[in-house]
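Student: how would this look folded up:
(one chain, ligands or ions: 1)
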Amino acid sequence: MRPLYRLMVFLCVVGLLLPACRPAEPADLVLLNGVIYTVDAKRTIAEAMAVRGDTIVYVGSNRGAQAYIGPDTHILDLKGKLVLPGLIDSHAHATSGVSDIYEVALYGIDSLEGYQQAIRAFLEDKPGLTALQGAGWVNGVFGPKGPTAAMLDEVVPDIPAVLYSEDYHSVWLNSKALELAGITAETPDPPGGIIERDEKGNPLGTLRETAMDLAADVIPPYTVEQYLEGLAYFQAFAHSLGLTTVYIPSLPGGMEEALLALHEFEASGNMTIRFPTAIGVNPEDDLSVVNDLVARRKAEAGGYFWIQAAKIFMDGVLEGGTAYLEEPYLHQPGKGELLWDPQHYNEMCAALDKAGIQIHVHAIGDAATRLALDGFAYARQVNGRRDARNMITHLQLVNPQDIPRFAELGVVAVPQPYWFVVDTYYHQAVEYVGQARADRQYPMKSFFDNRVKVAASSDYPVTWPPNPMNAIEIGVTRTVPRDVPGYVEPDYETPLNPFERVTVEQMIEAFTMNGAYAIFMENQIGSLEVGKKADFIVLSQNILKIDPRQIHNTVVLLTYFEGREVFRHEQFGE
Ligand SMILES: [Zn+2]
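Tutor: Take a look at the predicted model:
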């Protein structure tokens, strides 16, 4: 062979250039002139990409892409814009989309007057409501006993009102709701719960943790139709933020309506997002619950909605004094609330693991995280090593000694980077657990340094909006982005635990490949590579190049799900 000919053969083999070498099968869509950050193993940046049907068939140079352009190929000239894989939120309560429509939002308001004003305006807007529900108030605005029924009666005297705190670990009732719930001075605190009371024992209006169940029947559950409306709304919202896969970590109360809505939404053919979903397993459940989960998983197998995991709450939250800590709180006696008997939890883990079900654990306190890991270790000891990819989410305080155990046990860490800031929560943490512990909240870099898979998430609706651009900025700066709603007493300059800052690249990995890994889909989604699903987004600015403090201003221009355009921003012409 002549050297030149040999070179040409070589180039054909590696798939570069030379259209003549290729079978001339045109693609449906070709992207040209982009900065395509593929998130492949080498973190390749490509100019062009071709998509046939729902699949990526080419990633490379503009010249190489010419071979895929036929008479019917749609061409997107990206003019230097950044392309990323479709983003994955690994913990967001998508079924709460209905709440954005039917519930008063108190997020980002920092006074009682503000809450009352928002409630008045909402009621005026929705006349005829027979009950008021909502969420978003923060404990920090009130004293340790929380807000009172009397405060709420001033604006909602006639119908029951049930308003959840921003973290959904406390609820605020008016007198009508207390009455309907039958809560009086005689009602005992349920195990794992607190009814806030005056000196005489009368209920004040705030219920915490399991005591919230007492108010569960005051408001009628949403109907399947309302959930469907909420899911369609959430899907559009998610697409506008660049999300193409959203892990639903648990379903609301009755669950059946939400499940049915997810099922029907998928059956309608209108679902253009993936919803891996976890179902709650509670401390009072016996091991037979595992069989129910297996049956449900079988019934919903395939498609864009499926049963992915069992969700377990290990503890509460720091702001409620219910996160389970290794060392006591400073503002109250004790170490918080452990929601499971460790032995029962271990056995539940082993049973779930044996059935091949992923376990998704809520753990906020360092002691809760340790016990969560112990359960996974127990399951491995009983069943042998399995590619389980169990997940622990929130991870507000983690003993540094436990971080390498995530890697050892193959556990995915699922933090909410939106919360890595100094705001009202931080000041409360200083008061409740002291400066030293408050200052080591929310590790992130430590996980990466220890080769732990980190998958980012919002915990929507706790975080609103669940905009990954905000999270990416915060992961890098550990400060509050300017002009982003939802932060009370934001400190724009002081970083929270700056040692734990990560890079933009790591944040992207946490919203793409690692989220795909967490749902065992790393061979189908999470990066832009030949053979993978064509989930991708186009951004208004190159977040890898700009000042990190500008990342939150980035707009998603286009979102594609499996080769189909599902969102287009008005700023993107054509
Ligand atoms: Zn959650």
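Student: quick one: contacts for the closest residue to P191 other than its chain neighbours?
Tutor: Sequence neighbours aside, T210 is the residue nearest to P191 in space, at 6.7 Å (criterion: Cβ to Cβ, 6 or more residues apart in numbering). Heads up, the C-betas are built off the backbone N, CA and C, glycines and all. Residues near T210 by Cβ atoms under 8 Å, 6 or more residues apart in numbering: P190, P191, G192, G193.
Student: out of the residues you listed, which are buried?
Tutor: G192, G193 (16 or more other Cβ atoms under 10 Å).
Student: just put the contacts of T210 in TSV and tack on pLDDT.
Tutor: What follows is these, written out as TSV (pLDDT from 0 to 100):
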residue	pLDDT
P190	96
P191	93
G192	90
G193	94
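Student: and the lengthiest strand in the chain, what does it pack onto?
Tutor: When the chain is parsed with DSSP state E, its longest strand is strand 305-313. Strand 305-313 sits against helix 256-267, strand 275-280, helix 289-299, helix 342-354, strand 358-363, with contacts defined as 3 or more Cβ pairs under 8 Å, 6 or more residues apart in numbering; DSSP states H and E.
Student: now the ones you listed as CSV including mean neighbour count?
Tutor: Conversion of these to CSV gives the following (neighbours: other Cβ atoms under 10 Å):
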stretch, mean neighbour count
helix 256-267, 19
strand 275-280, 22
helix 289-299, 15
helix 342-354, 20
strand 358-363, 25
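Student: quick one: low-confidence residue ranges for the protein.
Tutor: 1-24, 253-254, 574 (pLDDT under 70).
Student: domains of it?
Tutor: 3-80, 94-215, 224-559 (automatic domain parsing).
Student: of all those, which one is nearest G86?
Tutor: Proximity to G86 (Cβ to Cβ) singles out domain 224-559 among the domains of the chain, at 3.0 Å.
Student: and that closest one, how far out from the chain middle?
Tutor: Here domain 224-559 is found 5 Å from its chain centre; the criterion is Cα atoms, centre = their mean, to the nearest Å.
Student: do the same with stretch 89-98
Tutor: Stretch 89-98 sits 7 Å away from the centroid of its parent chain (Cα atoms, centre = their mean).
Student: could you work out the end-to-end span of it for me?
Tutor: Stretch 89-98 has its terminal residues 18 Å apart, counting by Cα to Cα, to the nearest Å.
Student: just to revisit the earlier point, paired strands for the longest strand of the chain, with orientation please.
Tutor: Looking at strand 305-313 with DSSP bridges, its partner strands are strand 275-280 (parallel), strand 358-363 (parallel).
Student: can you put the ones you listed in a markdown table and add distance to R451?
Tutor: Listed next are these as a markdown table, based on distance: least, Cβ to Cβ, whole Å:
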| stretch | distance to R451 |
| --- | --- |
| strand 275-280 | 24 |
| strand 358-363 | 20 |
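Student: so which of the ones you listed gets nearest N497?
Tutor: Within these, the stretch nearest N497 is strand 358-363; the backing value is 17.9 Å (Cβ to Cβ).
Student: next, the angle from that closest one to helix 342-354.
Tutor: Compare the direction of strand 358-363 with that of helix 342-354 by axes from the mean of the first three to the mean of the last three Cα atoms, to 10 degrees and you get 150 degrees.
Student: please enumerate residues in contact with strand 358-363?
Tutor: Strand 358-363 is contacted from outside by 91, 249, 278, 308-315, 324, 349, 352-353, 369, 371-372, 375-376, 388-395, 414, using Cβ under 8 Å, 6+ apart.
Student: so what are the sheet partners of the helix or strand V538 falls within and their directions?
Tutor: V538 belongs to strand 536-539 when assigned by DSSP states H and E. Using DSSP bridges, strand 536-539 pairs in its sheet with strand 82-85 (antiparallel), strand 556-561 (antiparallel).
Student: nearest to G114, out of those strands?
Tutor: When the strands paired with strand 536-539 are compared by Cβ to Cβ, strand 556-561 sits nearest G114, at 30.2 Å.
Student: OK, contacts around the spatially most central residue of the chain?
Tutor: Nearest to the geometric centre of the chain sits H91, at 2.7 Å (Cα atoms, centre = their mean). Counting by Cβ under 8 Å, 6+ apart, H91 touches Y247, P249, H360, T393, V414, Q416, S457, S458, D459.
Student: tally of neighbours for the closest residue in space to it that isn't next to it in sequence?
Tutor: Spatially, and ignoring its direct neighbours in sequence, H91 is nearest to S457 (3.5 Å; Cβ to Cβ, 6+ apart). For S457, the count of nearby residues is 29 (other Cβ atoms under 10 Å).
Student: so how far is D353 from S457?
Tutor: Applying Cβ to Cβ, to the nearest Å, the value for S457 to D353 is 23 Å.
Student: repeat that for L293.
Tutor: From L293 across to D353, the span is 12 Å (Cβ to Cβ).
Student: likewise for L325?
Tutor: Distance of L325 to D353, given as Cβ to Cβ: 27 Å.
Student: repeat for F234
Tutor: Separation of F234 from D353 (Cβ to Cβ): 31 Å.
Student: what residues does the helix or strand hosting F447 touch?
Tutor: Assigned by DSSP H and E, F447 falls within helix 445-449. Helix 445-449 has contacts (Cβ under 8 Å, 6+ apart) with V398, P400, I403, F406, A413, P415, V454, F499, E500, R501, V502, Q506.
Student: and those as a markdown table, adding neighbour count, distance to A149 and secondary structure?
Tutor: Shown next, in a markdown table, are these (neighbours: other Cβ atoms under 10 Å; distance: Cβ to Cβ, whole Å; DSSP: H, G, I helix; E, B strand; the rest coil):
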| residue | neighbour count | distance to A149 | secondary structure |
| --- | --- | --- | --- |
| V398 | 28 | 37 | coil |
| P400 | 11 | 43 | helix |
| I403 | 19 | 43 | helix |
| F406 | 26 | 43 | helix |
| A413 | 29 | 39 | strand |
| P415 | 28 | 35 | coil |
| V454 | 28 | 42 | strand |
| F499 | 12 | 44 | helix |
| E500 | 22 | 40 | helix |
| R501 | 19 | 43 | coil |
| V502 | 22 | 44 | coil |
| Q506 | 20 | 46 | helix |
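Student: in its sheet, what does the helix or strand Q133 falls within sit against?
Tutor: Assigned by DSSP H and E, Q133 falls within strand 132-137. Each strand that strand 132-137 pairs with, and the sense of that pairing, follows from DSSP bridges: strand 104-105 (parallel), strand 161-165 (parallel).
Student: what's around D374, how many residues?
Tutor: Neighbours of D374 (other Cβ under 10 Å): 17.
Student: and R274, what does it touch?
Tutor: Taking Cβ under 8 Å, 6+ apart, we find R274 in contact with T244, T245, V246, Y304, F305, I519, I525.
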